[in-house]
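Novice: got a structure for you, letters missing:
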């Protein structure tokens, strides 16, 4: 993964200049602070750790579901290929059987029998030519049958492998779902144990004012994401009233007519990688070494994201959200 050294002074100045130019001198308020500041209580730090682990398990669960979908698609295709290959194999076996049957009935001649029954030299040449055609047809039929058998065997192997992969994906989903449910319960219990002042701080909506939007699809995606500010985070939610981090990004780009993967892992592979100093509105910022969280940049300093349960969709400083793994530009 790319390294992102902290060059806040230069980058912040450039971003502020860009924002100033976009809105004719009207700058945005500072983004909300990190929901878990350095001086947070032990209870709040514990909640944050539990919530981060729950989000990681949530994304792993979603990836297991993607693996299952792919395995089932592979299995369906392999079964279709197997059916096609088996039907071709049956047809070609019939053709070979007809040629073999014709041989026993005297339709096939060797060179000696052709000489014995020929009335003339020309008749002999005609019979030899026919023998060549029959031999060629037989060789072609046998090769076709061999190819069909090979394709059927390959399709059967792929079907077996795909079925095994599907079974494994189902097992992974069950295991990950169990771990996720347990982790979510622990995180929610930790949240309920927080003092009201800390719960209120986590639940603050942050800046809800206007944000300048670029033209085109990126602006449409940003408009959708920003319109979700204040809505709750729920692990595994796909909207429209609650979100998790990756579902919000997927829905935002879908609103702009662009399909992107559902998981943070998938979103970390699309488009092209850019550096933190080159970040532009609409870029997807993927966090943590495990690539388990994502936000959408709205300028060179801030991003909008669905953070975790107890924290609404909001704008925050890009780097305060977490350690950056990669930044992906979906368009351009």
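Specialist: Noted; the coordinates are in hand. Predicted model, so just to flag it, every value in this text is computed and none were measured.
Novice: In this structure residue 251 contacts residue 238, no?
Specialist: Yes: with contact taken as Cβ atoms under 8 Å, residue 251 and residue 238 are classed as touching, separated by 7.5 Å. From N, CA and C alone the C-beta is placed, and that goes for glycine too.
Novice: how does this protein divide into domains?
Specialist: Following automatic domain parsing, the chain resolves into domains at 8-40+205-329, 71-191.
Novice: what's the least confident stretch among those?
Specialist: Among the domains of the chain, domain 71-191 carries the lowest mean pLDDT, at a mean of 69.
Novice: In terms of pLDDT, where does residue 203 sit?
Specialist: According to the per-residue confidence, residue 203 scores 92 in pLDDT.
Novice: so how many other residues sit close to it?
Specialist: Burial of residue 203 is recorded as 14 neighbouring residues (other Cβ atoms under 10 Å).
Novice: Let me see the contact set for it.
Specialist: With Cβ atoms under 8 Å, 6 or more residues apart in numbering as the criterion, the residues that contact residue 203 are 310, 311, 312.
Novice: Nearest to residue 218, out of these: which one, please.
Specialist: Top of the list for closeness to residue 218, among the contacts of residue 203 and by Cβ to Cβ, is residue 312 at 23.3 Å.
Novice: and that closest one, which of the three is it?
Specialist: In three-state terms, and counting by DSSP: H, G, I helix; E, B strand; the rest coil, residue 312 is coil.
Novice: Can you name the residues that contact it?
Specialist: By Cβ under 8 Å, 6+ apart, the residues touching residue 312 are 203, 204, 205, 206, 229, 230, 231, 232, 233.
Novice: List the backbone torsions phi and psi for residue 324.
Specialist: Reported as degrees, to the nearest 10, the phi and psi values for residue 324 are phi -80, psi 130.
Novice: err, residue 325, not the other one
Specialist: phi -100, psi -50.
Novice: Correct me if wrong: it contacts residue 288.
Specialist: Yes: with contacts counted by Cβ under 8 Å, residue 325 reaches residue 288, the gap being 6.0 Å.
Novice: neighbour count winner among these two?
Specialist: Set side by side, residue 325 and residue 288 show unequal neighbour counts under other Cβ under 10 Å, the larger going to residue 325 at 20 against 17.
Novice: Spit out the contact partners of the more buried one.
Specialist: 1, 268, 286, 287, 288, 289, 291.
Novice: burial of residue 158, as a residue count?
Specialist: Using other Cβ under 10 Å, residue 158 has 17 neighbouring residues.
Novice: And it, how far from residue 67?
Specialist: For residue 158, the distance to residue 67 under the criterion Cβ to Cβ, to the nearest Å works out to 16 Å.
Novice: cool, and residue 54?
Specialist: 20 Å.
Novice: For these two, work out which one has more neighbours and name it.
Specialist: Residue environment comparison for residue 54 versus residue 67 gives the larger neighbour count to residue 54, 23 against 17, counting by other Cβ under 10 Å.
Novice: now that one, nearest residue through space, not along the chain?
Specialist: residue 183 (4.2 Å; Cβ to Cβ, 6 or more residues apart in numbering).
Novice: same question, residue 238
Specialist: The shortest distance from residue 238 to any residue other than its chain neighbours is 4.7 Å, reached at residue 247 (Cβ to Cβ, 6+ apart).
Novice: Repeat that for residue 50.
Specialist: Counting by Cβ to Cβ, 6+ apart, the nearest residue to residue 50 once its immediate chain neighbours are dropped is residue 187, at 4.0 Å.
Novice: Test my guess that the one you found contacts residue 54.
Specialist: Yes: here residue 187 lies in contact with residue 54, judged by Cβ under 8 Å, at a distance of 4.8 Å.
Novice: Now the common contact residues for those two.
Specialist: If you check residue 187 and residue 54 against Cβ under 8 Å, 6+ apart, the residues they both contact are 308, 309.
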